[in-house]
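Peer 1: Mind looking at a prediction? Sequence and model below.
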Amino acid sequence: VQLQASGGGLVQAGGSLRLSCAASGRTFSIYDMGWVRQAPGKERELVAAIAWGDGTTYYADSVKGRFTISRENFKNTVYLQMNSLKSEDTAVYYCGADHRFPLTTTPPYWGQGTLVTVSS
């Protein structure tokens, strides 16, 4: 499966962004999906994940209550709605796919990321 993330940009603290990840391949619906971010000088972090079967979700403590992951299998797309953004959310965000839930920070399938910059 090939993945392409989009939707990043510059936003003020407290604002919102919605990231999208378009996947190619007929078997998108059976992959567990997730969003991994990496900020300069920091370790990679799994932000959110969603299981392919029952839609179970996982969130890192740092984003719980602010971010929401969702997927539309018929569109081969996974989303990350990010609200109440903080400066510490600034990072490159990558979407990933795996046959495990939740994903690791280095899933076997991931594409180019999208940069999110939150100004304080």
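Peer 2: Noted; the coordinates are in hand. Keep in mind that this is a model prediction, so the values were computed, not measured.

Peer 1: now what about the helix or strand of the chain with the lowest mean pLDDT, what contacts it?
Peer 2: In the chain, no helix or strand scores lower on mean pLDDT, DSSP states H and E than strand 109-110, which sits at a mean of 92. Residues outside strand 109-110 that contact it (Cβ atoms under 8 Å, 6 or more residues apart in numbering): 1-3, 31, 36, 94-98. Every C-beta, even on glycine, is put in place using the N, C-alpha and C of the backbone.

Peer 1: Which strand or helix spans A49?
Peer 2: Using DSSP states H and E, A49 maps to strand 45-50.

Peer 1: Just after that strand, pick out the following helix or strand.
Peer 2: Proceeding N to C from strand 45-50, the next assigned helix or strand is strand 57-59, under DSSP H and E.

Peer 1: Lowest pLDDT pick from the contacts of strand 109-110?
Peer 2: Among the contacts of strand 109-110, V1 has the lowest pLDDT, at 86.

Peer 1: quick revisit: from the chain's centre, how far out does the strand holding A49 sit?
Peer 2: Here strand 45-50 shows a centroid-to-chain-centroid distance of 6 Å under the convention Cα atoms, centre = their mean, to the nearest Å.

Peer 1: Buried ones among the contacts of strand 109-110?
Peer 2: Using 16 or more other Cβ atoms under 10 Å as the burial test, the contacts of strand 109-110 include 1, 3, 31, 36, 94-98 as buried.

Peer 1: Mark which of the residues you listed are part of strands, please.
Peer 2: Among those, DSSP state E puts 3, 36, 94-98 in strands.
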